[in-house]
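> Below are the sequence and a predicted model; questions follow.
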Amino acid sequence: MKNNIFLLVLAACLLVSCARQVEIPAESTPVNEAADIYPDYRDIVVPPNIAPLNFMVKSEGDEYVAAVTDGKRTVTAGAAADGKLAFDSTEWRQLLAEAKGKELAVTVYAKRGADWVQFPKYGIGVAEEPIDPYLSYRLIEPSYELYRQLGLYQRNLENFSESVIYENNRSYERDNNHCVNCHNYQAYDTQHMLFHVRAQHGGTVFVENGKVRKVNMKCDSILSSTVYPTWHPKRNWVVFSSNQTGQTFHMVNRQKIEVVDYGSDLVFFDADKNTLTNILKTDSELETFPCWTPDGKSVVYCSARVPQFAGVPDSVRRDRVSDIYDSLHYSLRIIDFDEQTRRFSAPRTLVNADSLSTSIAVPRVSPDGRYVLFTMADYGQFHIWHKNADLYVKDMQTGEVRPLTPANSEYADSYHTWSSNGRWIVVASRREDNNYSRVFIAYFDKDGQAHKAFLLPQEDPEHNILLEKSYNVPELTKNAVPVTPEELKKAIYDDDAAQKVSYKKSN
C-alpha cells in the first residue's frame, strides 16, 4: 500500500513538473494588425456556464500566449507554432463565475524570432443568465439520396463531453439501413422525448419517464407519415405536420437542391391513448412546422396557399410542385386550442409572407410567449438549402417583424431553438463554408436585441474545420437523455412490439 501511495505521489509530481507554465511576456511590442484567430470569438456575449473558448492563432508566430482577464482574475494559455490555445477548465469556470455581467479583456501575443508582439485587445461579455447545459443534435454527412452512419448525440455545454443518444449501425447490411431524425422534447425536459426512425425498423420512438416504446404512426386517414413534432408544454399530446415530401435537383442553381412538400396537414396525437386526429386537412393549403405556445393555448405554424393543388391527385401535385417551387410563400399562422373540448380555432395570420414576397419556416415561440423566432428566405420551407435564409422575430406585443441582423450571416441560418430562459438562441448555420452546418450561439438580451453569434466551443479549436458532418436540429435541454443507446436500440429493433395508432375523428 505504501509503495502504491509513493507511486501516485511521484506521478502527480511528474505531471506538475512537466506541465507547461504559461507566463505573459514581460516585454512586447504592440502592433496594429488584429490577430487572425479561429473561431472568431471577438466582441461576443457568452453564458457564464459555457466551456472554455479555445481558439487558434493563424497570424505569424513561433509561439503564442493568450490572457483573459476581468481585471481581478486572469487566465492564460500558451501554444507552440500550431497556434492552438486551450484554457484550463477549472480556471475558466472560476473566471466566468466571477465575471457575470462584466466584460473580459483578451490579449493575444505572438513570438516572432526573439521578440514578442502584442495584438490589439478585444472584449468578451459575460451574461448574467446561463444557457441550458445540454445540447442535442444529429450529425450527418451532407447528402441527397443516400446516407451512411449517422446518429443523435448530446453535448454538455459546460465542458467538452459528447455522448451518444443513438447511432444507426455502421454496417451496410439491409437490416441496419435506417435513418433517425426530428428529435424533440417537452418543455426542455428529456423525460418526454421522441424521434423518428425511417426505412428499416421504422416508427416513432417515445421516451416517457424513462420508458421507451416505438409507435407505428401510419394511418390511412392521415395524409402521410408524421414529420415535424411539437410537444404540448404540460400534457402528453403532440402536434405533428404530416408531409408528402419530394426533392428537386437543379441543373444550374447556387441552391443545388430544393426540398418541397406537395401535401402537408396538421395532426393531433394523444400519446396516452395512441390516437391521431386531423387538425387541418386541406389539399390547397400546405401546413407545416407546428409549435405550441408556452401556455399550451395555441399552435403557431407555417402555411402556403396553393390553389393549383385543389382537387387533384398526389401524382399531379408531385409534378406541379416542380414548376411552382420558387413561388411558394409560407406565411406565419396561429390556431387557438381549447383543452377541454380539444378543438382548434380557425387559423389567423400573424405574418403574411405573400405581401413580403418571402417565405417563413420553423417558428419557435420564446418561453415568455412574447417573440416568435423563425427563418425567412425568398421562397419554400426547407431553408437549410437557401443561402439567403436569416433569423427574424415577430414581437407579439408590438407586432413588429425584424431581422436579427447581428446574429445572421451571408449563408444559410436555418434550424434554431430558444434556451429555456429565453436569453439564448442556438442556430444551425452554414456561415463557415456554405457546405457544412455548424452550431452557433447568440445572446438575446432583455431588450429583445440579438448579439453576435459565436461558434460552439470545442476542445480542439480545429475540430469544426476537420469534421466532415453537419450538425442538424440543435435542441437545448435542461438535463441529459435518461435512457441508454442500448435501450433505444432494443425498442427500435423489436418490430413486433411496436404499438399502432388508431384514428379518431375530430370533434
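Everything's here; your move. Being a predicted model, the structure only gives us computed values, none of them experimental.

> my read is S355 is in a helix, agree?
Yes - counting by DSSP: H, G, I helix; E, B strand; the rest coil, one finds S355 located in a helix.

> Against L404, how distant is it?
21 Å (CB to CB, to the nearest Å). No exception for glycine: its C-beta is placed from N, CA and C like everyone else's.

> What of L488?
Taking CB to CB as the measure, L488 and L404 are separated by 35 Å.

> pLDDT below threshold where in the stretch 51-200 of the chain?
Low-confidence segments of the stretch 51-200 of the chain (pLDDT under 70): 143-148, 169-176.

> which residues in it form strands?
Per DSSP state E, counting those that start in this stretch, the stretch 51-200 of the chain carries strands over the ranges 55-57, 63-69, 74-79, 84-85, 103-112, 115-118, 122-126, 134-140, 151-156, 162-167, 178-186, 189-199.

> which residues touch the third one?
By that I understand strand 74-79. For strand 74-79, the surrounding residues in contact (CB atoms under 8 Å, 6 or more residues apart in numbering) are 20, 22-24, 54, 56-57, 63-69, 85-88, 91-92, 95.

> Please list all residues in contact with the spatially closest residue to W424 that is not a sequence neighbour.
The shortest distance from W424 to any residue that is not its chain neighbour, by CB to CB, 6 or more residues apart in numbering, is 4.6 Å, and that residue is I131. For I131, the set of contacting residues under the criterion of CB under 8 Å, 6+ apart consists of 47, 49-50, 157, 419, 423-424, 441, 476.

> Check L152 too.
By CB under 8 Å, 6+ apart, the contact set of L152 is 136-138, 164-167, 180, 183, 195.

> again with P485
Under the contact definition (CB under 8 Å, 6+ apart), the residues listed for P485 are 164-167.

> Out of the contacts of I131, which sit inside strands?
Counted as lying in strands by DSSP state E, out of these, are 424, 441, 476.

> so which of those residues comes closest to L286?
For L286, the closest of the ones in strands among the contacts of I131 turns out to be L476, at 28.3 Å, with distances computed as CB to CB.

> If you tally nearby residues, what's the number for the closest one?
Taking other CB atoms under 10 Å as the criterion, the count of residues near L476 is 21.

> Any idea what it is bridged to?
L135 (DSSP bridges).

> Read off the pLDDT value for it.
L476 is assigned a predicted lDDT (pLDDT) of 98.

> For K102, give its distance to G71.
8 Å.

> Who has more neighbours out of these two?
For K102 versus G71, the count of surrounding residues by other CB under 10 Å is larger for K102: 16 against 10.

> my read: Y228 touches Y301, true?
No - Y228 is beyond contact range of Y301, at 9.1 Å (criterion: CB atoms under 8 Å).

> Put together a markdown table for the contacts of L152, with distance to T484 and neighbour count on each row.
Supplementary listing: those in a markdown table, determined by distance: CB to CB, whole Å; neighbours: other CB atoms under 10 Å:
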| residue | distance to T484 | neighbour count |
| --- | --- | --- |
| S136 | 15 | 23 |
| Y137 | 18 | 25 |
| R138 | 18 | 25 |
| V164 | 9 | 13 |
| I165 | 9 | 23 |
| Y166 | 9 | 23 |
| E167 | 12 | 16 |
| V180 | 15 | 21 |
| H183 | 16 | 24 |
| F195 | 15 | 23 |
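
> of those residues, closest to D494?
Minimum separation from D494 among the contacts of L152 (CB to CB) is found for Y166, which lies at 14.4 Å.

> Before I go, just wanted to say thanks for your time.
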